[in-house]
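[1] kindly return the folded structure for what I paste below:
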Amino acid sequence: MRRLRNVKIVATLGPASSSYETIRALFEAGADVFRLNMSHGSHDDIRARHEIIRKIEADTGRPIGILADLQGPKLRVGTFANGSEELDIGTKFRMDLSDAPGDATRVNLPHPEIFAALEPGSTLLVNDGKIRLLVDDCGPDFANCTVTVGGTISNRKGVNVPDVVLPLAALSAKDRKDLEFICDLGCDWLALSFVQRPEDVIEARDLAKGRAAILSKIEKPAAVHAYDAILDVSDGIMVARGDLGVELPVHAVPPIQKRLIRGARAAAKPVIVATQMLESMIESPVPTRAEVSDVATAIYEGADAVMLSAESAAGQYPIEAVTTMNNVAISVESDRTYRDVIEASRTAKRQTVADAIVAAAREIAETTPVRAICCFSQTGTTVSLVARERPRVPILALTPLMDTARRLCLTWGTHCVITEEQDRFKGAVIAAARAARKYDFATEKEQIVVTAGVPFNKSGTTNILRVAPCDEKLIYKAETE
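    The predicted model follows:
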C-alpha cells in the first residue's frame, strides 16, 4: 500500500477507534502511525490496541509505527465546598496547602513545588487559561493573588505556571510505570510530556534503554527557550500547541511552530504538529476552512507528520478525519508552490561524508529521470538525512530490522521495506531494484539512486552512492564490465 504523499499522518486511538475493523480502516484511509494516549485507558486497553495494530501490520505486510504518549505531571487545584465559585476581576484569591474545602476566597493547591518556584509578579492560569491570577506575594505554602481574568473555578481544574521553570521531573510515578509497560510492550516512539529542560529527556532515555525512540513534546515556554538543547538529546519533536497556546500568547504560537519545525528538520529529526488540527470533525463530517488551512500550513512548513487527537480517538467521524487529512496533504504536495517553499527552506549542512552523499542523491534526483532514492540503513540515520533534503522523488527505506522500519514510519517521504541483510553493495543494489519494481516506484526500464554504507551493517558509514537500472540483467552486466 503506497501513500501518494510525503507527510505522515498520526492518528490517536480511543473509544471511537478500538476495534480491528476501525483501526484497519484508519490505516487504509491514510494513518501511518498510531498514538496510544497513556492519559486515558488502562494497561489492558493499551495492550489490546497494540495487539490489533500488530495484527493489521502482519495482515497488510506494511510496517506501522506506534507512538505511546506519557501523561506527565498533572497540576490541579483541590475541591470546593460548593463544587465551584465565580471569581471576579480585581478580587483577591489565595492558593495554599490547606486541605480545607475551597470557597470564593481560597482553594487548596497540593503542589509545594509550585509555591517554591513562584515569585511576586508570576502568573497562574486555571482551566486552560480561562482564569488568570497575578501573584502578589507568596511563600513556601501559599500564594496570594489578584484575579486579572475572571470566570468559574471548579473542582480539580488544571493549573499552568508559564513564567517559571518548575522543580518538577517530567516523569511522574505513573509515567515511570507506564514507560516500563509500553517499552516492554514494544512501542516504537515514546512521547514525553512536560519537558522543560534537556535533563528531562536524558532521564527518560536512561529508563527506556534503547527500547523506544524519545520524542519530546514542546508545550511549555521553558522548553521553547531551551529548544536547541532539548532537540540535541531527543530523537524527535512534537509541537504540542494545546498547552503552548495556554501558556503563551496565541499569536506567538505560529512563529514558534515554524521555528521548531525548521530546527528539527535541520537536525534530521522527525517533527509532528499536533493539537486542534481538525477539531470540528469530532462532531462534524466536514472540517472548517480554517482547520484545512492550518493542516496545509504545517505541510508547507515541512513538518514530517500531522496529528489527530480526539478527532480519531473519541470523535464521531474518525475515518473521515484521516481521509480529510490525507486529501489535504495530497492537494498541498501537488501544488507547485509547495516545492518552492520546501526548497527555499532547505538548510544546507555539509559537515560529513554522509551529508554530502545524501545531498548528491537529492541533486541527481532533481536533474535526471531517477524514480526513487533507495537507502539501506540499520538505524535509519541515512534515511533521516535523505528526508532532511526533502527530495522530489520518494524515499525507499530498506532495512533488515523491523524496529528501524517502524520508527521510520514517522519520517517524511519514506516507504519502509524489510529486506534481507546484505554484505556486498551489488546485493544491495539488486534488492533495491526489486523493491522499487515490487512497490511500483519504478519499472525495469527506469533508474533509481542507491545509497548505503560500506562496510555493511555498521551504523554511521553512509559513504557510497550509485545510479542503477531496475533491470537486474543490466546490474549484473555493469558488474562484469
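
[2] least confident secondary structure element in this protein?
    helix 472-480 (a mean of 68; mean pLDDT, DSSP states H and E).

[3] and the nearest residue to Ala442 once chain neighbours are set aside, what element?
    Spatially, and ignoring its direct neighbours in sequence, Ala442 is nearest to Arg371 (3.8 Å; C-beta to C-beta, 6 or more residues apart in numbering). In short, each C-beta sits where N, CA and C put it, glycine included. Per DSSP states H and E: Arg371 is located in strand 370-376.

[4] check which element follows that strand along the chain.
    Following strand 370-376 toward the C-terminus (DSSP H and E): helix 381-388.

[5] now for that following helix, which elements pack on it?
    helix 353-367, strand 370-376, strand 395-399, strand 447-453, strand 462-469 (3 or more C-beta pairs under 8 Å, 6 or more residues apart in numbering; DSSP states H and E).

[6] tell me which of those sits nearest to Lys55.
    Among those, strand 395-399 comes nearest to Lys55, with 21.7 Å by C-beta to C-beta.

[7] same for whichever helix or strand comes after that closest one, what does it pack against?
    Per DSSP H and E, the first helix or strand lying C-terminal to strand 395-399 is helix 402-407. Using 3+ C-beta pairs under 8 Å, 6+ apart as the contact criterion, the elements in contact with helix 402-407 are strand 65-69, strand 414-418.

[8] for the helix or strand following the first one, C-alpha coordinates in CSV please.
    Tracing the chain C-terminally past strand 65-69 and defining elements by DSSP H and E, one meets strand 84-87 next. As requested, the backbone C-alpha atoms of strand 84-87 are provided in CSV (Å, rounded to 0.1, in the frame of the first residue of the first chain):
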residue,chain,number,x,y,z
SER,A,84,-17.5,25.8,42.1
GLU,A,85,-17.1,29.5,42.7
GLU,A,86,-17.2,32.7,40.5
LEU,A,87,-14.1,34.8,40.5
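
[9] in stretch 36-46, what counts as buried?
    Going by neighbour count (16 or more other C-beta atoms under 10 Å), the buried part of stretch 36-46 is Leu36, Asn37, Met38, His40, Gly41, Ile46.

[10] right, and the second one touches Thr12 too?
    Yes. Counting by C-beta atoms under 8 Å, Asn37 does reach Thr12; the two are 5.8 Å apart.

[11] pull up the overlap in contacts between these two.
    Ser309, Ala313 (C-beta atoms under 8 Å, 6 or more residues apart in numbering).

[12] doesn't Leu125 fall inside a strand?
    Yes. Membership of Leu125 in a strand is supported by DSSP: H, G, I helix; E, B strand; the rest coil.

[13] re earlier: looking at the helices and strands packed on helix 402-407, spot the one closest to Gly242.
    Short answer: strand 65-69, nearest of these by C-beta to C-beta, at 12.1 Å.

[14] which residues are in contact with the closest one?
    In contact with strand 65-69 (C-beta under 8 Å, 6+ apart) are residues 10, 32-39, 46, 50, 53, 178, 182, 185-191, 193, 212, 215, 217, 406-410.

[15] likewise for stretch 49-61?
    Taking C-beta under 8 Å, 6+ apart as the rule, stretch 49-61 contacts 1, 13, 18-20, 23-24, 27, 34, 36, 41, 63-64, 66, 185-187.

[16] just the mean pLDDT for that stretch, thanks.
    Mean pLDDT, stretch 49-61: 97.

[17] show me which residues of it are buried.
    Arg49, His50, Ile52, Ile53, Ile56, Glu57.

[18] so the first one, which state does it fall into?
    Put plainly, it is Arg49. Assignment for Arg49 (three-state DSSP): helix.

[19] swap in the fourth one?
    Assigned with three-state DSSP, Ile53 falls in the helix class.

[20] from Ile418, how far out is it?
    Going from Ile53 to Ile418 by C-beta to C-beta, to the nearest Å gives 16 Å.

[21] same question, the last one
    Computed with C-beta to C-beta, the distance linking Glu57 and Ile418 is 11 Å.

[22] overlap in contacts, the two.
    Pro63.

[23] spatially central residue for this protein, please.
    With distances taken as C-alpha atoms, centre = their mean, Ile272 lies nearest the centre of the chain, 3.5 Å away.

[24] got the buried residues of stretch 36-46 as a markdown table, with distance to Gly150 columns?
    Below are the buried residues of stretch 36-46 laid out as a markdown table (distance: C-beta to C-beta, whole Å):
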| residue | distance to Gly150 |
| --- | --- |
| Leu36 | 38 |
| Asn37 | 32 |
| Met38 | 34 |
| His40 | 31 |
| Gly41 | 35 |
| Ile46 | 39 |
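
[25] how many neighbouring residues does Arg339 have?
    14 (other C-beta atoms under 10 Å).

[26] now the helix or strand hosting it: buried residues?
    Here Arg339, judged by DSSP H and E, is contained in helix 336-344. Of all the residues in helix 336-344, those buried under the rule 16+ other C-beta under 10 Å are Tyr338, Ile342.
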